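In: Sequence below, structure please.
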Amino acid sequence: MRLSNKRGFGFAKIARYTGIFRLLDFLLVSNGYQPFLAMLFKRILVSIFASCLLSTTVPLFSAEIAPKTDARPLLRIGYIESSFSPSERKGFQDTFEYLQLKLPQYNIRIQNYFVKDLERGVRNNEFEFFIGASGFYRRVFRRGFG
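Out: Model prediction:
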């Protein structure tokens, strides 16, 4: 079958001016298919196109909406950064990085607190470990939180 007739009015021009479904009707009917078969064929094509489109866009859309969850157990560490000197803070940062490197099976969350907030966190069990000065630990222990 040729894609254009002798006058140069080809199928590409028909598709441009009338749409892809009219071109499909023209091709199917001109090749001897009944109009109801052409309609059935178009419905099948639309269904296939829609399912392909939905199968590629719905997972992407739902992945953007769904919150990303981390299945690893959470290990929370409370920390009073202002209680320590800059050299001690650097040592703690190195320790935190080392823990995250050596314990990849845990989601380690390090939270910096003010002294009063760390004491409230100890009381409310907001973390599994805390780092504070010895005087802070003694105060928390005497109040029965440690």
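In: how about the strands in this structure?
Out: 74-79, 107-112, 129-131 (DSSP state E).
In: Generate TSV for these, with mean pLDDT as supplementary columns.
Out: Formatted as TSV, these follow (pLDDT from 0 to 100):
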stretch	mean pLDDT
strand 74-79	89
strand 107-112	89
strand 129-131	85
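In: Now tabulate those strands in JSON lines and tack on distance to Ser30.
Out: For the C-beta atoms, the positions are set from N, CA and C on the backbone; glycine is no exception. Putting the strands of the chain into JSON lines (distance: least, CB to CB, whole Å) gives the following:
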{"stretch": "strand 74-79", "distance to Ser30": "67"}
{"stretch": "strand 107-112", "distance to Ser30": "65"}
{"stretch": "strand 129-131", "distance to Ser30": "79"}
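In: Mind putting those strands into JSON lines with distance to Glu88 and mean neighbour count?
Out: Converted to JSON lines, the strands of the chain look like this (distance: least, CB to CB, whole Å; neighbours: other CB atoms under 10 Å):
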{"stretch": "strand 74-79", "distance to Glu88": "11", "mean neighbour count": "17"}
{"stretch": "strand 107-112", "distance to Glu88": "14", "mean neighbour count": "15"}
{"stretch": "strand 129-131", "distance to Glu88": "10", "mean neighbour count": "18"}
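In: how about the ones you listed, which one is nearest Gly121?
Out: Closest of those to Gly121 is strand 74-79, at 5.1 Å (criterion: CB to CB).
In: what sits up against that closest one?
Out: Identification of contacts with strand 74-79 by CB atoms under 8 Å, 6 or more residues apart in numbering yields 92, 96, 103, 106-113, 118, 121-122, 126-132.
In: All set, thanks.
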